[in-house]
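A.B. asks: structure of the sequence below:
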Amino acid sequence: MNYSADSLPEIKLIPLDREALHFTQPGETRRPPTDIRWVKVLEFLRSNNLALNSRKLYERELKRFLAWSELHYHELRPRHLALYKEYLRDEIRTDAGNPLSKSSINAGIAALKSFFKWMCYTYPEIIATNPTLGIKLEKVPLPPAQSLTPEQMEQVWTALELLQETKQRDTALVHILSHGLRAGEVVQLNVGSFDGKLLFLPDTKTNEPRLVPLRKESREVLAEYLRSRQQRSEVLNSLSPLMISHHASYKGERLSYHGIYFAVEKIGEIAHIEDLHPHSFRHTYATDLLLLGVDPSHARKLTGHQSEKAFRRYTLRSEQEAAIAAYYRAIGEEAE
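C.D. replies: Purely as a prediction, here's the structure:
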């Protein structure tokens, strides 16, 4: 049968409801489509060996940025990032209703800088120029090193003697922490990481392996802790965790990041030291190295500080101490 143009029925255009295109089964809740930009963020978080707290910070800050801007990555320009920095400074408030501190603004910008550097390297076909390159961080004065005084360290050693079941483990833990290790690094230590004299850290925050020499007393404490575990019929091999949990639900398992914090907080309560945390011992170790006259470059190697600027807080303390000592020598008095 032949049809002429005049005999064809009129074509009607029916507008489609965009929401109706997302098909759901009866009773199901319709979910919005995944933001393709977030897929790249998840890939970034998985591809970087980030500590737990760093991962949470990056995830929070990148999520906040994507909520602020609907632009695709290839559309972003430095002016957009400058506007975002103003947004963080002028509009975002803390839970207490206060503006973000300069350090918090810097944390948000640093997360973006790290992400877009990765994007440029991994997906140059998507984004060829890093839009964060011209964005400067806020100038923040270095916080003083939160080192423990000799008197406070004595309080810590005394508090350890008052512990019961966890006394031997926590004593070994404090000896390790007092050699500058981060809590996350202690979690990863195995029995094979200790050769009787040194601790070997294959995977650190700076992605560089590190050797940490232990003092004689610390070596003996750690060796005795391992012997006591063997005497309790525990079978140890090189991959056994160096520090184990005493918690009823995880007894004998690897001591976790939160387990280390809980143990140190408990010691702080007994020692009457407010806000004692694992990093307190790291601050103390770095400061003591410089006060002992260890070359700053060697001290940074021992502590695993990648940034010379971050390590500056410890050199300031040692320089101040040296200046005070020099003054008293110049006037013929002994420093008290």
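A.B. asks: return the distance of Gln231 relative to Gln168.
C.D. replies: 11 Å (Cβ to Cβ, to the nearest Å). No exception for glycine: its C-beta is placed from N, CA and C like everyone else's.
A.B. asks: can you list the low-confidence ranges for the stretch 151-300 of the chain?
C.D. replies: Applying pLDDT under 70 to the stretch 151-300 of the chain flags residues 203-207.
A.B. asks: show me where it has strands.
C.D. replies: For the stretch 151-300 of the chain, the strands defined by DSSP state E, counting those that start in this stretch occupy 198-201, 210-213.
A.B. asks: between those, which one is nearest to Phe262?
C.D. replies: Across the strands of the stretch 151-300 of the chain, Phe262 has its closest neighbour in strand 198-201 (22.2 Å, Cβ to Cβ).
A.B. asks: which strands and helices sit next to that closest one?
C.D. replies: Packing partners of strand 198-201 (3 or more Cβ pairs under 8 Å, 6 or more residues apart in numbering; DSSP states H and E): strand 210-213.
A.B. asks: can you pull the buried residues of the strand it packs on?
C.D. replies: For strand 210-213, burial by neighbour count (16 or more other Cβ atoms under 10 Å) applies to Arg210, Val212.
A.B. asks: check stretch 63-77 too.
C.D. replies: Here stretch 63-77 shows Arg64, Phe65, Ser69, Tyr73, Leu76 as buried, counting by 16+ other Cβ under 10 Å.
A.B. asks: how about a markdown table for these, with secondary structure added?
C.D. replies: Output for these, formatted as a markdown table (DSSP: H, G, I helix; E, B strand; the rest coil):
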| residue | secondary structure |
| --- | --- |
| Arg64 | helix |
| Phe65 | helix |
| Ser69 | coil |
| Tyr73 | helix |
| Leu76 | coil |
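A.B. asks: which two in these are spaced the farthest apart?
C.D. replies: Greatest spatial distance in the buried residues of stretch 63-77: Arg64 and Tyr73, 15.9 Å, computed using Cβ to Cβ.
A.B. asks: run a quick neighbour tally on Asp90.
C.D. replies: Using other Cβ atoms under 10 Å, Asp90 has 9 other residues around it.
A.B. asks: thinking again about what came up before, in terms of neighbours, single out the busier of Gln231 and Gln168.
C.D. replies: Taking other Cβ under 10 Å, Gln231 and Gln168 do not tie; Gln168 has more neighbours (15 against 8).
A.B. asks: now that one, nearest residue through space, not along the chain?
C.D. replies: The shortest distance from Gln168 to any non-neighbouring residue, by Cβ to Cβ, 6 or more residues apart in numbering, is to Tyr225 (5.4 Å).
A.B. asks: from Leu239, how far off is the one you found?
C.D. replies: For Tyr225, the distance to Leu239 - Cβ to Cβ - is 17 Å.
A.B. asks: so who does the residue nearest the centre of the chain touch?
C.D. replies: Geometric centre of the chain, nearest residue: Ser54, 4.1 Å, by Cα atoms, centre = their mean. Not one residue lies near Ser54 by Cβ atoms under 8 Å, 6 or more residues apart in numbering.
A.B. asks: tally of neighbours for the nearest residue to Ser240 once chain neighbours are set aside?
C.D. replies: In space, and not counting its chain neighbours, Ser240 is closest to Val191: 4.5 Å by Cβ to Cβ, 6+ apart. When neighbours are counted by other Cβ under 10 Å, Val191 registers 14.
A.B. asks: residue boundaries of the helices in this structure?
C.D. replies: 36-47, 52-68, 78-90, 102-122, 150-161, 167-177, 183-188, 216-231, 257-271, 278-291, 296-303, 308-330 (DSSP state H).
A.B. asks: Leu137: which of these is closest?
C.D. replies: helix 102-122 (4.6 Å).
A.B. asks: any residues touching stretch 275-286, and which ones?
C.D. replies: Residues outside stretch 275-286 that contact it (Cβ under 8 Å, 6+ apart): 145-148, 153, 156, 174, 177-183, 186, 260-261, 264-265, 267-268, 299, 303, 305, 311, 314.
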